[in-house]
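[1] fold the following for me, if possible:
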Amino acid sequence: DLFKPDLVITEKGVSDLAQHFFNKAGITAIRRLRKSDNLRVARACGATIVNRTDEITEEDIGTDCGLFEIRKMGDEYFTFLEQCKDPKACTILLRGASKDILNEVERNLQDALNVARNLYQDAFIVPGGGATEMEIA
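    Below is the predicted model:
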């Protein structure tokens with residue numbers, strides 16, 4: 001069977017010759033993706049990760065991504081897979097002036113996400129930070 005993907009993503013490298021044929025066919029190849037990122041992309045796009053090209057079936061190809069773009073932010077390029085039909089994964093991109101600021105922003109975001117998760121799992125909360133004592137006083 002013959003499939004016509006727009007995008008091929010691999011954890012390994014892609015040879016110059018393979019890239020030439022991909023480009024000639026209008027296919028973008030993204031290489032050397034971390035395994036964890038590859039799993040997220042597969043979940044978001046409805047794809048199945050396969051180890052050999054001769055094992056690919058039509059069900060393995062992810063068709064749930066609406067928009068694929070590469071954007072430059074600062075000095076780096078980032079790949080965006082957006083408008084997915086039923087995304088089960090996402091990435092939050094954090095940028096900061098220094099490593100210390102970025103670490104602090106990441107800690108604050110993690111705290112906020114944990115609060116949102118706790119509220120979602122158990123809608124009954126007790127105010128903290130001395131709010132109860134302030135109310136009683």
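[2] where does the chain dip in pLDDT?
    1 (pLDDT under 70).
[3] let's see 50
    Within the chain, not a single segment meets pLDDT under 50.
[4] which residues in it form helices?
    Taking DSSP state H as the test, the helices found in the chain are 16-24, 35-45, 99-121, 131-136.
[5] excluding chain neighbours, give the residue nearest to T132 in space.
    Nearest residue to T132 in three dimensions, chain neighbours excluded: V126, at 7.2 Å (Cβ to Cβ, 6 or more residues apart in numbering). Any C-beta I mention is one placed from the backbone N, CA and C, and that applies to glycine too.
[6] wait, G46
    Sequence neighbours aside, D64 is the residue nearest to G46 in space, at 3.8 Å (criterion: Cβ to Cβ, 6+ apart).
[7] coming back round to it: for D86, find the nearest of the helices of the chain.
    Closest approach to D86 among the helices of the chain is made by helix 35-45 (8.8 Å; Cβ to Cβ).
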